[in-house]
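Colleague: Quick one: sequence and predicted model below, then my questions.
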Amino acid sequence: MKKIRFGALFLLLSASFSCKKSDPAPNPPAAVKFMSLTNGSTWTYKFTNTPSTTPVSSNYTITATNRDSVANGKTYRVFTNSAGPNEYYNITGSDYYTYRSLKTSFIDTSLEVLYLKDNLAVNGTWEQNVPFSVDVFGVPVPVTLKFSNKIAQKGISKTVNGTPYTDVTEVSTTLSLTGSPIPVTLTSDIHYYYAPKVGQIENETKINFSTTGIPPSSVDQKTELQSSNVL
C-alpha cells in the first residue's frame, strides 16, 4: 500500500507436413514494435507546462542503455533521463510497460503502468487499479485510482515538430477515484500518440482535482518529440 497526502493525489499523475522435399517457407517478418529497447537509442522531447496559458518549456533526452532491471517479475530495460531519474521499459508480447519512481515532497513510490496494448482494435480497452493510502487529518484511508485506457485511433498520420509519422496509434486515458471519505471531483483528458519503432511522439495531459477544504489543483501539460535516433 502506497501513502500520499490527499491534496497531491492528482499529481499521479502510458507451424505443415509434405510428402516431398521442398525449401522451408521463410519466417514471416517480425512485427514492428512501438518502442525500441536497443542500447544507444535516444529521444529528445520538449515538455511544456500550461501550454494554453503561460507556457514554460524545457527539453530532455532519454537514452536506452545496455542494462536491465527486474521488477514485478518482468525484465525492464534501463533508460537514462537527462532531466531526472532513470526510466524503465518492458515489452511483453503486445503489452508495453513502464516502471518509474515518483518522488516529490508529497509522493515517494514506484508504479508499473501498462501504457499500450498494440493488438487491440479501435475502441479496445483495458484498466488498471492503483491502491493508495491517503492521509486525512492524520488518519490513513485506502483509496483506489483507476486508469481507464482506450485505443482511440489506429493507422493515422500525425506531424509533430515538423516530422510526419504514419501508422500512428492514439491511446486516450481517463482517471477516476473510488473510496474517498469526502466528496472529490476528478476530471481528466489524456492522449498519447505512438509511432512504430519510435514510440511516444506526443502526449497531452489535462487533469482537474478538487475536494472539500483544499484549493483546486490542475495539470495542463504537453510533451512533443523533437528528434530521435532509434537503433
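Modeller: Nice, I can see it.

Colleague: With adjacent residues omitted, what lies nearest to residue 78?
Modeller: In space, not counting the residues next to it along the chain, residue 78 is nearest to residue 67; the distance is 4.3 Å by C-beta to C-beta, 6 or more residues apart in numbering. Every residue, glycine included, has its C-beta placed from N, CA and C.

Colleague: For residue 227, name its beta-bridge partners.
Modeller: On the basis of DSSP bridges, residue 227 takes part in beta bridges with residue 44.

Colleague: Give me the neighbour count for it.
Modeller: Look at residue 227: counted by other C-beta atoms under 10 Å, it has 13 neighbours.

Colleague: from memory it sits against residue 46, does it?
Modeller: No: contact between residue 227 and residue 46 fails when scored by C-beta atoms under 8 Å: they sit 10.0 Å apart.

Colleague: so what strands line up beside whatever helix or strand residue 172 lives in?
Modeller: Assigned by DSSP states H and E, residue 172 belongs to strand 163-178. In the sheet containing strand 163-178, its partner strands are strand 139-160 (antiparallel), strand 184-195 (antiparallel), by DSSP bridges.

Colleague: rounded to a whole number, what's the mean pLDDT of the longest one?
Modeller: Per-residue pLDDT over strand 139-160 has a mean of 91.

Colleague: Would you check that residue 116 makes contact with residue 171?
Modeller: Yes: under the contact definition of C-beta under 8 Å, residue 116 touches residue 171, with a separation of 6.1 Å.

Colleague: related to what we said a few turns ago, please identify the most buried of the strands paired with strand 163-178.
Modeller: Across those, averaging neighbours per residue (mean count of other C-beta atoms under 10 Å) puts strand 184-195 on top, at a mean of 19.

Colleague: Could you report the distance from residue 129 to residue 189?
Modeller: Using C-beta to C-beta, to the nearest Å, one gets 20 Å for the distance from residue 129 to residue 189.

Colleague: again with residue 212
Modeller: Taking C-beta to C-beta as the measure, residue 212 and residue 189 are separated by 24 Å.

Colleague: Report the secondary structure state of residue 180.
Modeller: Classification of residue 180 into helix, strand or coil gives coil, according to DSSP: H, G, I helix; E, B strand; the rest coil.

Colleague: and residue 225, what element?
Modeller: strand 214-229.

Colleague: quick one: buried residues of that strand?
Modeller: Neighbour-count burial for strand 214-229, with 16 or more other C-beta atoms under 10 Å as criterion, is recorded at 219-225, 228.

Colleague: which outside residues touch it?
Modeller: By C-beta atoms under 8 Å, 6 or more residues apart in numbering, the surrounding residues in contact with strand 214-229 are 6-7, 10-11, 13, 40-53, 59, 160-161, 163, 198, 200-210.

Colleague: about what we covered before: want to try TSV for the strands paired with strand 163-178, with distance to residue 167 as columns?
Modeller: What follows is the strands paired with strand 163-178, written out as TSV (distance: least, C-beta to C-beta, whole Å):
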stretch	distance to residue 167
strand 139-160	5
strand 184-195	7
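
Colleague: If anything else comes up later, I'll come back, but that's it for now.
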